[in-house]
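>>> Quick one: sequence plus predicted model below, questions after.
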Amino acid sequence: MPKVTYTETAGNCRTVDANVGDSVMESAVRNGVPGIVAECGGSLSCATCHVYVEEADLASLPPMGEMEDEMLWGTAEDRRPNSRLSCQLKVADGMDLRVTTPATQV
């Protein structure tokens, strides 16, 4: 089963089993992971599901689309080269993804 590990800014980690086809954001919300607000529910209109993807995992993800790229300029915490919106990251079979949530989403 695919897994996603969410690390808070303070260093607390939580690994959850994720369903193939769900987004990394949906997996966080379903499992009560702190640090993912997801105000828009995944409609790509709020940027409150911002995460920093572990550098080693970036190459395994599809490239971001134009809308995601635009939304990342409006995040509460500074955008980094490894910033992504977790609503746009779909869980794939065999995935073992590691992300860190920013200190704040709003």
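Sure, I can see it. Numbers count the residues shown, from 1 in each chain.
>>> quick one: contacts for Thr7?
When contacts are counted by CB atoms under 8 Å, 6 or more residues apart in numbering, Thr7 touches 13, 98-101. Where C-beta positions appear, they are placed from N, C-alpha and C, glycine not excepted.
>>> Quick check: phi and psi on the most centrally placed residue in the chain?
What sits nearest the mean C-alpha location of the chain, by CA atoms, centre = their mean, is Ser86, with 2.7 Å. The phi and psi values for Ser86, taken as degrees, to the nearest 10, are phi -70, psi -20.
>>> can you map out the strands along this protein?
Assigned by DSSP state E, the strands in the chain fall at 3-7, 13-17, 50-53, 83-85, 96-100.
>>> so can I have a markdown table of the ones you listed showing mean pLDDT?
Listed next are the strands of the chain as a markdown table, based on pLDDT from 0 to 100:
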| stretch | mean pLDDT |
| --- | --- |
| strand 3-7 | 98 |
| strand 13-17 | 97 |
| strand 50-53 | 98 |
| strand 83-85 | 98 |
| strand 96-100 | 98 |
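>>> Make CSV out of these and add distance to Ile36.
Below are the strands of the chain laid out as CSV (distance: least, CB to CB, whole Å):
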stretch, distance to Ile36
strand 3-7, 8
strand 13-17, 11
strand 50-53, 8
strand 83-85, 10
strand 96-100, 9
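>>> about what we covered before: out of the contacts of Thr7, which one sits closest to Val24?
Here the nearest of the contacts of Thr7 to Val24, counting by CB to CB, is Val99; it sits at 6.6 Å.
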